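Enquirer: Got a sequence here, can you model it:
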Amino acid sequence: NYKNVGKMQNPGVKLSPEEFFNLLFKKYKASQTTLQFGDNKNDEEEIHNNNLEQTDSDGEIKPELTPTNITKHISFLKNVEYFINNDRGKGTLISAYTDFLEIIHLLIANYYDKEAKKDPLNLYVNSFRFYLEEIKEQDKKASTNKKKKTITFSNSNSKVIKRCIYIYCFNPGFGFKNVLNKILYSIIITSGTLSPIDSMESELKQNFDTKLENNHVISDEQFHFCLLTSSVYNKMEFNFNADNRYNVEMIYQLGLTILELSKITPGGILIFFGSYTLMDRYISEWSDKSIISEISKYKEFYHDRRDQKQNKLILSKYQLANSDRTKYKGGILLSVCRGSCSEGMNFKNDMARLVIVVGIPYAMLYDPKIQLKKEFQDDYNKLLSKNAKNSKIRRISGSEWYTQNAMKCVNQSLGRVIRHSNDYGSMLLIDTRYQNFLRQSYISLWMRKKCKIYNNENMNKTFFKDMENFFKNAEDFIKNKKAKINLSQKNNIFRI
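Expert: Numbering: from 1, shown residues only. Next up is the predicted model:
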């Protein structure tokens, strides 16, 4: 029954809901031949009468489990647990399985019974995927100190298998449907990083009648958006795909580019990578070649950690380095897409005058959750095609979702740079593959319309000069803008 998931480091199993429940109840059927429920025949008859009222010709329990009979399964398991605990005096794990089924019942019951007639294809019931993962780990012996209230562990040579069951709902429309069932006049979904909107419609399983993409509140003079496809120094192409991302020479050329940018950028620089593994490797290469020591002459160098407590300390140091240009030289912070720094964090003013995204932050392809989500998208599209009523719902394939998911992370990361109407900053993508995505609506409209692509030798010669001129002109523009606002406010006071 076990199937490997791609080239995972840990062996795993993909299970449909039916496969999972069948596998689970095979264990229950097998256990009935060995469990002793006591000498009382009435007790045995009570167990038999509560065996889900599903028996075949031999009187055995059928393993099938459906949303409509899940409560009977739960009742059966509670009876089994009762007799094991009371008659045999031993603990049981069945209660955990019972709780597990009750959670699933809560997820499904409110929708299945009400929507069964409206939803003959069970589109919402089929929104869930189960995943069983086996993890090998070192066995640890624990000793407890009751006085100090501490537990210490000592490693042993033996290994144990830990099995984890994951339940994923891959259909955001499942939850959004509950919102739609409320008595609402209208629903407005708004954000600066909703692009691509097609993906949002597909995920929520709704076509929006009214869609609006606005320009940014700031003027064009306040932001600079560009794509660098190759090294300014030796024309080497920047392509951070899986086959090329650890190219030593390319990493070195990227380091030289960041070094030069640190000389001309006022305030802070944020750099986002696709993963911690990639970022750590690049930091190691730059340390060996003294690039970090050179960058430190112009900016304080910091990088994100996996530990949240350490990150708070690093962030406070980075904030201090960019708090006052007359006292500090500014800072540079390396972080990862999908991390705390790339989403929701407010890097206003000198906290981020330049944001760089290195490569395209695709999620790990062999992550079981990513594989199951891609499969879900393709399978769900097939279900939709069987019903004419669902033909209008926008669909995206698993591969399209995978790309759009990465580009949403890019939009989120780039959004750290402009935080209010008087802010300014530059956004830089470094990877030649972005040229394909800029032709599509993956990047937010306000950035896409003003993107400058440096993809040949003549343009690359002006790259650093263009960046330097932008910062100078943007600062002058903001000063003049503030002066006009102050003058206008003074005039209004005199009129009063």
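Enquirer: biggest helix in this structure, by residue count?
Expert: With residue count as the measure and DSSP state H as the assignment, the chain has helix 463-495 as its longest helix.
Enquirer: got the buried residues for that one?
Expert: 463, 467, 468, 470, 471, 474, 477, 478, 481 (16 or more other C-beta atoms under 10 Å). C-beta coordinates here come from the backbone N, C-alpha and C atoms, glycine included.
Enquirer: Considering those, which is situated nearest to residue 317?
Expert: residue 471 (23.5 Å; C-beta to C-beta).
Enquirer: what about the nearest residue to the closest one once chain neighbours are set aside, neighbour count?
Expert: Using C-beta to C-beta, 6 or more residues apart in numbering and skipping the chain neighbours, the partner closest in space to residue 471 is residue 266 (5.7 Å). By other C-beta atoms under 10 Å, the residues close to residue 266 number 17.
Enquirer: Next, residue 266: phi, psi?
Expert: Residue 266 has phi and psi values of phi -80, psi 140 when expressed as degrees, to the nearest 10.
Enquirer: Run through the residues that contact it.
Expert: For residue 266, the contacting residues are 325, 330, 350, 353, 471, 475, taking C-beta atoms under 8 Å, 6 or more residues apart in numbering as the criterion.
Enquirer: What number of residues are in the vicinity of residue 220?
Expert: As a measure of burial, residue 220 has 12 neighbours, counting by other C-beta under 10 Å.
Enquirer: This structure: strands as residue ranges?
Expert: Along the chain, the stretches classed as strands by DSSP state E are 12-15, 128-145, 150-169, 223-228, 269-273, 300-303, 331-336, 354-358, 425-430, 451-454.
Enquirer: Any idea how many residues pack against the residue lying closest to residue 230 once chain neighbours are set aside?
Expert: Spatial nearest neighbour of residue 230, excluding adjacent residues (C-beta to C-beta, 6+ apart): residue 237 at 4.8 Å. If you count neighbours by other C-beta under 10 Å, residue 237 ends up with 14.
Enquirer: Could you report the distance from residue 237 to residue 303?
Expert: In this structure, residue 237 lies at 26 Å from residue 303, with C-beta to C-beta, to the nearest Å as the measure.
Enquirer: With residue 269 instead?
Expert: Between residue 269 and residue 303 the distance is 12 Å, computed by C-beta to C-beta.
Enquirer: Comparing these two, which residue is more hemmed in?
Expert: With other C-beta under 10 Å as the criterion, residue 269 and residue 303 differ in neighbour count, and residue 269 comes out ahead with 27 against 19.
Enquirer: how about the more buried one, what does it touch?
Expert: Contacts here follow C-beta under 8 Å, 6+ apart; on that basis residue 269 touches 258, 261-262, 299, 330-333, 352-356.
Enquirer: Bridging across strands, which residues link to it?
Expert: residue 332, residue 354 (DSSP bridges).
Enquirer: which one is residue 341 nearest to, not counting chain neighbours?
Expert: Distances taken as C-beta to C-beta, 6+ apart place residue 335 nearest to residue 341, at 4.0 Å, with adjacent residues excluded.
Enquirer: pLDDT score assigned to that neighbour?
Expert: The predicted structure scores residue 335 at 93 on the pLDDT scale.
Enquirer: Pull the number of nearby residues for it.
Expert: A count of neighbours around residue 335, defined by other C-beta under 10 Å, yields 26.
Enquirer: okay, the closest residue to residue 406 other than its chain neighbours: pLDDT?
Expert: Once its chain neighbours are removed from consideration, residue 406 has its nearest residue in residue 362; the separation is 4.7 Å (C-beta to C-beta, 6+ apart). The predicted local confidence for residue 362 comes out at a pLDDT of 94.
Enquirer: can you pull the contacts of residue 362?
Expert: Taking C-beta under 8 Å, 6+ apart as the criterion, residue 362 is in contact with 274, 402, 403, 406.
Enquirer: Buried ones only from those residues, please, as a ChimeraX command.
Expert: In ChimeraX syntax, the buried subset of the contacts of residue 362 is picked out as below (16+ other C-beta under 10 Å):
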select :274,402,403,406
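Enquirer: Turn the contacts of residue 362 into a markdown table, including distance to residue 342 and pLDDT.
Expert: A markdown table is the format used below for these (distance: C-beta to C-beta, whole Å; pLDDT from 0 to 100):
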| residue | distance to residue 342 | pLDDT |
| --- | --- | --- |
| 274 | 11 | 93 |
| 402 | 18 | 92 |
| 403 | 18 | 90 |
| 406 | 12 | 91 |
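Enquirer: For this structure, spot the helix or strand the model is least confident about on average.
Expert: Of all the helices and strands that make up the chain, the one with the lowest confidence by mean pLDDT, DSSP states H and E is helix 41-49; it has a mean of 41.
Enquirer: next one: phi and psi at residue 268?
Expert: Listed backbone geometry of residue 268 is phi -90, psi 160, with angles given as degrees, to the nearest 10.
Enquirer: List the contacts of it.
Expert: So, once contact is read as C-beta under 8 Å, 6+ apart, residue 268 ends up touching 299, 318, 321-322, 330-333, 347, 350-354.
Enquirer: That one and residue 336, how far apart?
Expert: Residue 268 sits 17 Å away from residue 336 when distances are taken as C-beta to C-beta.
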